[in-house]
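In: how would this look folded up:
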Amino acid sequence: MKTKQELPECPVATTVSLIGSKWKLLILRNLIKRPWRFNELMRSLDGISQKVLTTSLRELQSDGIIYRKDYQCNPPKVEYGITDLGLHLQVLLDQMAAFGDYYKSQI
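Out: Below you'll find the model as predicted:
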């Protein structure tokens, strides 16, 4: 996790620094519903590269927003899910979805 000194003073800027990329928002949209495996996420996010997905997952995990569960089996099985901290973003994502629907209805 980042320290308070590493985060912007503005709370909006803090949120943007944590989840501000297109891919992170879409990853969170999926993980709020249920835990996902890496390849499932990869298939569900049309256009994302493996490198960007890996980097985004690592950053979200490092920030405490998602968790990574390694089942320590062969073949390897890893699952990603949302943490309690990350669940607080559900309200924000719901509002973004509502605005997206509203915007589409206006054009």
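
In: Tell me which residue lies nearest the centroid of this protein.
Out: Centrality entry for the chain: nearest residue to the mean C-alpha point is Leu28, 3.1 Å, by Cα atoms, centre = their mean.

In: Surely that residue and Ile19 touch.
Out: Yes. Under the criterion of Cβ atoms under 8 Å, Leu28 makes contact with Ile19 at 6.4 Å. Where you see a C-beta, it was placed from the backbone N, CA and C, and this is true even at glycine.

In: and for the two, which residues touch both?
Out: Leu60, Ile65, Leu89 (Cβ atoms under 8 Å, 6 or more residues apart in numbering).

In: What about those, which are in helices?
Out: Leu60 (DSSP state H).

In: What pLDDT is listed against the residue lying closest to Leu25 once chain neighbours are set aside?
Out: Nearest residue to Leu25 in three dimensions, chain neighbours excluded: Ile19, at 6.0 Å (Cβ to Cβ, 6 or more residues apart in numbering). pLDDT recorded at Ile19 is 89.

In: Tell me who's in contact with Ile19.
Out: Neighbouring residues of Ile19 by Cβ under 8 Å, 6+ apart: Leu25, Leu28, Leu60, Ile65, Leu89.

In: As TSV, those with distance to Glu9 would be great.
Out: Below are those laid out as TSV (distance: Cβ to Cβ, whole Å):
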residue	distance to Glu9
Leu25	23
Leu28	24
Leu60	22
Ile65	20
Leu89	20
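
In: Would you tell me which one of the residues you listed comes nearest to Gln95?
Out: Taking Cβ to Cβ as the measure, Leu89 is the one of the contacts of Ile19 closest to Gln95, at 10.4 Å.

In: How much space separates Ser44 from Ser105?
Out: To Ser105, Ser44 is 25 Å away according to Cβ to Cβ, to the nearest Å.

In: The two - which one has more neighbours?
Out: Ser44 (13 against 7; other Cβ atoms under 10 Å).
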